[in-house]
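> compute the structure for the input listed below.
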Amino acid sequence: MDPMNRRTALILGGAGAAAAMAGAAGLLWGQGSGFQSAGGQDLSEPEALYSADGRLQVKLSAALGQVLIAGRDANALSYNGSVPGSTLFLRPGDRVNVMLENRLGDPTNLHVHGLHVSPQGNSDNALVSVEPGTSFEYEYRLPADHPPGVYWYHPHRHGSVADQIFGGLYGAIIVQDPQPVPVSRERVLVISDISLTGGGSIAAVSAMEKMMGREGALVLVNGQLNPVLAARPGERERWRVINACTSRYLKLRLDGQSLQLLGLDSGRYQSPRDVEEVLLAPGNRADLLVTAAAGTAVLRTLPVDRGSMVGSMMGGNNGGGQSPAGPDGTVLATFAVAGAPAAAPGPVPAQPVPRDLRSLAVTAHRELVFAMGMGMNSGGMGSGLMSFTINGRPFDPARVDTTVPAGAVEEWTLRNTSPMDHPVHLHVWPMQIIEQAGRPVDTPMWQDVVNVPARSSVRVRIAFDDFTGKTVYHCHILDHEDSGMMGLIEAR
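Numbering: from 1, shown residues only. Below you'll find the model as predicted:
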């Protein structure tokens, strides 16, 4: 590991610097891959691309090649040679054109996760396949009332989603507020994980890791290992945090600092909520306000038990061979607060009252059962392979599993009969959480990834507004999605 640069060491000072170094080293000691990483560098952010006059035109070239990961050259996947890819800053009503160039050896495509846009044609169409050596132009038209928030983009070619995201293909999308929130600075923090060989290539993934949902040995923030974020006391920062991990749950803590949650996914609370921890399932995003207090704090993710198919043999949530986190969790970044105090920021503007579907008539009730078990072959005998199903069936792109009338308001029970958590993602239309673990939810909560704990259920309501066409719902443990835990839905 390279020593921290002098500027960073001076900012952290004494025990803070030692803690940051130990935290970064802790990630490396457990990985056993031989990849020589470098941590403790100043945070870098992806290139920022802003729409202008209601338009944004972007080219994304997906390729395998040399990229900078954890401070070292690696041979990984990327968009335009950067991990993460560029951050797209949009506004409601924008028209966005993305030319996706596939320079990979396998088919790919693009999903704008969480955006409320059409699923048809060359918009957010999960059924498009962009073959190697070809390009495809996407066009997204955001409604004029599109909610502000944190979104992201990544591949969604069934069968290779986990491999391509794990390899480095992802980037952030920010839909900006009509009335800005007064802050000293805004940061985009894309948290991902990856396993690399000693030579810097993407490590092979075992069948057991895929069954459990792989977790990488390196946990990165904007492609970096334990980067340093510098601030002054009293400054209020806005952190847009994305869980871009293929399977890893993030329980975020930043002890010694003031955290307020503006919202999760596309949902927004009327006023910020004071929090000590934020739990993000794979695919979830958090919009956080951090008010800095003098001293050095460590952003970490605490261990999360997301269940196991094989119990104690796999060691809690660490089945599949990923590096175990200690009881204090895994260090993600270091927040170094020093210098002259900053002036107090202005008040956070009140947000619109969230829509509440509980006052509307429900047009249909449905139950989706997410299950795992030993697979069956065509003769009815066990195949020896694990099956991942929704309502007893694995994904078939030629079969429409659910048909809904355009404009309907439906109530779905998401039931998980397996011993592992499943984060459920519905494209295009966000979900209002109505009931969790048998208890009603008091205030409107809107998410597009809803975690359904092992052997439990969650009730949600969905308004199928604005768009028709085919799209999908699936488990966002992406190895489970690729293995069949996905369904096709058509609004018409």
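> please make it C-alpha for all contacts and neighbour counts, starting now.
Fine.
> what are the buried residues along the host helix or strand of residue 289?
Using DSSP states H and E, residue 289 falls within strand 285-291. Buried positions in strand 285-291, judged by neighbour count with 16 or more other C-alpha atoms under 10 Å: 285, 286, 287, 288, 289, 290, 291.
> could you do stretch 337-347 as well?
Neighbour-count burial for stretch 337-347 [16+ other C-alpha under 10 Å]: 337, 338.
> for that stretch, give me every contacting residue.
Contact partners of stretch 337-347, identified using C-alpha atoms under 8 Å, 6 or more residues apart in numbering, comprise 11, 182-184, 230-236, 292-296.
> pLDDT (mean, whole number) over the longest strand belonging to the chain?
Secondary structure of the chain per DSSP state E: the longest strand is strand 55-69. Average pLDDT, strand 55-69: 97.
> ok, now stretch 395-413?
97.
> could I have the CA atoms of that stretch written out in PDB?
The C-alpha trace of stretch 395-413 is given here as PDB (Å, rounded to 0.1, in the frame of the first residue of the first chain):
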ATOM      1  CA  PHE A 395     -37.900 -15.800 -16.100                       C
ATOM      2  CA  ASP A 396     -38.900 -16.400 -19.700                       C
ATOM      3  CA  PRO A 397     -38.700 -13.300 -22.000                       C
ATOM      4  CA  ALA A 398     -41.400 -14.800 -24.300                       C
ATOM      5  CA  ARG A 399     -43.900 -15.000 -21.400                       C
ATOM      6  CA  VAL A 400     -45.800 -12.100 -19.900                       C
ATOM      7  CA  ASP A 401     -46.300 -12.900 -16.300                       C
ATOM      8  CA  THR A 402     -48.400 -10.000 -15.200                       C
ATOM      9  CA  THR A 403     -50.800  -7.700 -17.300                       C
ATOM     10  CA  VAL A 404     -52.100  -4.500 -15.800                       C
ATOM     11  CA  PRO A 405     -54.400  -1.800 -17.200                       C
ATOM     12  CA  ALA A 406     -52.800   1.500 -17.800                       C
ATOM     13  CA  GLY A 407     -53.700   3.900 -15.000                       C
ATOM     14  CA  ALA A 408     -54.500   1.200 -12.500                       C
ATOM     15  CA  VAL A 409     -53.700   1.300  -8.800                       C
ATOM     16  CA  GLU A 410     -52.800  -2.100  -7.600                       C
ATOM     17  CA  GLU A 411     -51.800  -3.600  -4.300                       C
ATOM     18  CA  TRP A 412     -49.100  -6.300  -4.400                       C
ATOM     19  CA  THR A 413     -48.000  -8.600  -1.600                       C
END
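> ok, residues contacting that stretch?
With C-alpha under 8 Å, 6+ apart as the criterion, stretch 395-413 contacts 127, 357, 360-368, 389, 457-468, 484-492.
> so which of those belong to strands?
Per DSSP E, the subset of these in strands is 364-368, 389, 457-463, 486-491.
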